[in-house]
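# here is a sequence together with a model predicted from it:
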Amino acid sequence: MKMSHFQDKVVWVTGASSGIGIEIARQLAASGAKVVLSSRNEDKLIEIGIYRFSHMSIFTTHDIETIAAYLESFPK
């Protein structure tokens with residue numbers, strides 16, 4: 001699937017503080033997706049500089065209800 005498929009789509013990446021998760025998040029953001037990141041390690045998300053992407057939202061995994069409400073706020 002082409003990454004352009006994700007332009008303006010909302011994508012939730014779990015495990016986004018390292019490895020495959022962070023790389024997927026970077027590629028999705030570069031393709032124009034609105035990326036929601038979650039990880040058990042919020043400090044690690046900050047440490048790797050994820051806040052430099054203004055169109056990403058960051059949550060720790062214990063914020064499931066907050067994430068769900070956030071995702072519901074996007075137009076269908």
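Great, that's in hand.
# got the buried residues for the helix ranked longest in the chain?
Of all the segments of type helix in the chain, defined by DSSP state H, the longest one is helix 19-30. Within helix 19-30, the residues scored as buried using 16 or more other Cβ atoms under 10 Å are G21, I22, I24, A25, R26, L28, A29. (C-beta placed from N, C-alpha, C; glycine too.)
# and the gap between the second one and L28?
Using Cβ to Cβ, to the nearest Å, we find I22 at a distance of 11 Å from L28.
# for A16, what are its contacts?
Listed by Cβ atoms under 8 Å, 6 or more residues apart in numbering, the contact partners of A16 are I22, I24, A25, L37, S38, S39, L45, I50.
# pLDDT score for the last one?
For I50, the pLDDT comes out at 61.
# near the nearest residue to F6 once chain neighbours are set aside, how many other residues are there?
Excluding its sequence neighbours, the residue lying closest to F6 (Cβ to Cβ, 6 or more residues apart in numbering) is A33, at 4.0 Å. Residues near A33, counting by other Cβ atoms under 10 Å, number 22.
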